[in-house]
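>>> build the 3D model from these lines:
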Amino acid sequence: MKRFLNAIAITTTLVLAQSCSLLPKSEGKPISNTTHQHEERSISESHHGGHSTSSTVHGEKKALTQAKLKVPSNITPNKSIPILIDVQDLEGKKITKFDTFQEQLMHLIIVSDDLQFFSHLHPTYKDNGQFQVEASFPKAGGYTFFSDYKPTGQSEQISVLKTQVPGITIAAPEIDIKRSKTFNDTQVNLALSEPTVKAGQEVTLMFKLQDATNNQPLTDLQPYLGEKGHLVILRQSSSLTAADYIHAHALNNTPTGQVHFMTSFPQAGKYKLWGQFNRNGKIITADFWINVV
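Next comes the predicted model:
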């Protein structure tokens, strides 16, 4: 363990907020992990604390925690590496107790900065405020980590951390705006409650899942993380922050084979959605783009 710690670089850019929040934009830049550096930034932002449908109410300026990301000093694409996340209070004291929410102690969303790569992981709590997980990165470029956790007695917190995979970056493909896609044996159709999605306007996102072989609504959907489905939304941005992150919760009492989410988008732009669903024990991740005016 000591040898590993000596071989890691610590890269940190922190933006802290309550869960399901829509935050005002904050500047942050990735810190290269190709050299041994240690930088801490704790950014307090005004935030909007949301309820289960991601609607918002005004909140106070308050940052309750900070986190540190530790990764190896040299990351090779497509090679699994250990990732450590240390959670502390604002005075640098380790937070040791966490509450389970959505069946886990921590949800870690990793995306490439071009939003082509998405991974939803659940790090293992190792004790003394430290979480560990293994992950791999498909290509060179910047990656952003959205770490979602709930210290005991506090609201959910989101720490935004960044790292860089060295190498030559490849331009992202053109945005695919199709509303019907097939993922292995499942066809997923996305419908919206509004013909035009406007910033600040509440909208229902309706995922209709069908068997790709017969186009019949799925009857084998099971709960995922305690709900009918899971949805993460990110706004396309040159430097992703918590302001670009939306976590929506599934609505109850929807038709067979359908999972609905209600949310609103804080500002105009292009947003990417990742809906995750449990089909008889197999997780389906369906991605779509939405333009918000």
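>>> can we go C-alpha only for contacts and neighbour counts from here?
Noted.
>>> quick one: the most centrally placed residue in the chain and residue 95, what's the gap?
Closest residue to the average C-alpha location of the chain: residue 109 at 3.5 Å, with CA atoms, centre = their mean. According to CA to CA, to the nearest Å, residue 109 stands 21 Å off from residue 95.
>>> residue 137 too?
In terms of CA to CA, residue 137 sits 28 Å off from residue 95.
>>> just residue 178 next, same as before
Taking CA to CA as the measure, residue 178 falls 44 Å from residue 95.
>>> what sits against residue 199?
264, 265, 266, 267, 268, 292, 293 (CA atoms under 8 Å, 6 or more residues apart in numbering).
>>> right, and the residue nearest to the centre of the chain touches residue 146 too?
Yes - under the criterion of CA atoms under 8 Å, residue 109 makes contact with residue 146 at 5.0 Å.
>>> if we can go back for a sec, so which strand or helix has the residue nearest to the centre of the chain?
strand 106-112 (DSSP states H and E).
>>> and the very next helix or strand once past that strand, what does it pack onto?
Moving toward the C-terminus from strand 106-112, the next helix or strand (DSSP H and E) is strand 118-121. Counting contacts by 3 or more CA pairs under 8 Å, 6 or more residues apart in numbering; DSSP states H and E, strand 118-121 packs against strand 106-112.
>>> who's in contact with the strand it packs on?
With contact meaning CA under 8 Å, 6+ apart, strand 106-112 is reached by 100, 117-124, 141-150.
>>> the strand or helix carrying residue 132: partners in the sheet, and parallel or antiparallel?
Element membership of residue 132, judged by DSSP H and E, is strand 130-135. Sheet pairing of strand 130-135 (DSSP bridges) gives strand 81-89 (antiparallel), strand 124-127 (antiparallel).
>>> still on that earlier bit, residue 137 and residue 95: which is more packed in?
Set side by side, residue 137 and residue 95 show more neighbours around residue 137, with 23 against 18, by other CA atoms under 10 Å.
>>> neighbours of the residue lying closest to residue 260 once chain neighbours are set aside, how many?
Excluding the flanking residues, the one nearest residue 260 by CA to CA, 6 or more residues apart in numbering is residue 206, at 4.4 Å. Using other CA under 10 Å, residue 206 has 20 other residues around it.
>>> distance from the helix or strand hosting residue 206 to the middle of the chain?
If you go by DSSP H and E, residue 206 is part of strand 202-211. Taking CA atoms, centre = their mean, to the nearest Å, one finds strand 202-211 lying 19 Å from the centre of the chain it belongs to.
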